[in-house]
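K.L.:
here's my sequence, what's the structure:
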Amino acid sequence: MAAANWKMNLTLQQGEQLLTDILLKTNELKAHQQAVFAVPFPYLSMAVNKLAGKNNFFVAAQNCSNKKSGAYTGEVSVEILQSVGIEYVVLGHSERREYFNESNQLLAEKLDICLANNMKPIFCCGEPLAIREANTQNEFVAKQLAESLYHLSAAQLQEIVIAYEPIWAIGTGKTATSAQAQEIHAFIRTELANKYGTAIADTISILYGGSVKASNAVELFSQPDVDGGLVGGASLIVDEFVAIINALP
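P.N.:
Got it, this is the predicted structure:
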């Protein structure tokens, strides 16, 4: 899976043109490949219409509420997302955790409401620089997994895509190597295997979210436990994201 996270970027017109250009330049995806576009809330319907009839192209929301409905001004529910044709939602992005204080428990609630309504979560985890420098990233990520995921059944877990974000390698000038990516992805898969068994863990897609771009996508995606990427800045550039999609194994 190549998942584009537009974050809070682009006007509606710019977003529509970006999708048009990406579709024109992207080869037909193989059956096991997926391209997902996490666009700002006001663009969801546009993106759904733009991708209609395109095999293995999907639209994701960048967030959702942990509430079913009600007096929560400014929030968007899973039911609202489904009503405009959305199948995926990004949960627990590092920016949501850092700027909006989203906790592991809150994310567990969001996962529950998504899974109860057949919405597929892309669940983000990962450590900040201080944790990486202390070499305690494994314990940090394990805690995120345990507190948000481990109440789920094996069947529920298999509906989730995991995205690992090395927060310390995003916009800091520090770069994670493909070996570092593989190391932590393998750790995540082992943790899942310890809880749910190897057969289940091997079916879970684990995306890499640390400054994926055209120049490193092939090497990253060739790692045995890296199943694709959650892409930020490069997803806003036509040729960059097309190359990333084409780099999917």
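
K.L.:
C-alpha from now on. contacts and neighbour counts both.
P.N.:
Will do.

K.L.:
buried residues in the helix or strand bottoming out on mean pLDDT in the chain?
P.N.:
Lowest by mean pLDDT, DSSP states H and E among the helices and strands of the chain is helix 129-133, with a mean of 90. Under the neighbour-count criterion of 16 or more other CA atoms under 10 Å, helix 129-133 has 129, 131, 132 buried.

K.L.:
so where is this protein shaky, pLDDT-wise?
P.N.:
Applying pLDDT under 70 to the chain flags residues 171-175.

K.L.:
what sits up against the next helix or strand after the least confident helix or strand of the chain?
P.N.:
Moving toward the C-terminus from helix 129-133, the next helix or strand (DSSP states H and E) is helix 137-149. For helix 137-149, the surrounding residues in contact (CA atoms under 8 Å, 6 or more residues apart in numbering) are 104-105, 107-108, 111, 125-127, 131, 157, 184, 187-188, 191.

K.L.:
most neighbours among these, which one?
P.N.:
Counting neighbours by other CA atoms under 10 Å, residue 111 comes out on top of the contacts of helix 137-149 with 29 neighbours.

K.L.:
which non-adjacent residue is nearest that one?
P.N.:
residue 121 (6.8 Å; CA to CA, 6 or more residues apart in numbering).

K.L.:
now swap in residue 218 and tell me
P.N.:
Residue nearest to residue 218 in three dimensions, not counting chain neighbours: residue 247, with 5.1 Å by CA to CA, 6+ apart.

K.L.:
just give the number of residues close to the one you found.
P.N.:
Under the criterion other CA under 10 Å, the count of neighbours that residue 247 has is 19.

K.L.:
that one contacts residue 216, correct?
P.N.:
No: judged on CA atoms under 8 Å, residue 247 makes no contact with residue 216 at a distance of 9.4 Å.

K.L.:
check contacts around the residue nearest the centre of the chain.
P.N.:
Centroid check for the chain by CA atoms, centre = their mean gives residue 122 as the closest residue, at 4.3 Å. By CA under 8 Å, 6+ apart, residue 122 lies in contact with 88, 89, 90, 91, 160, 161, 162, 163.
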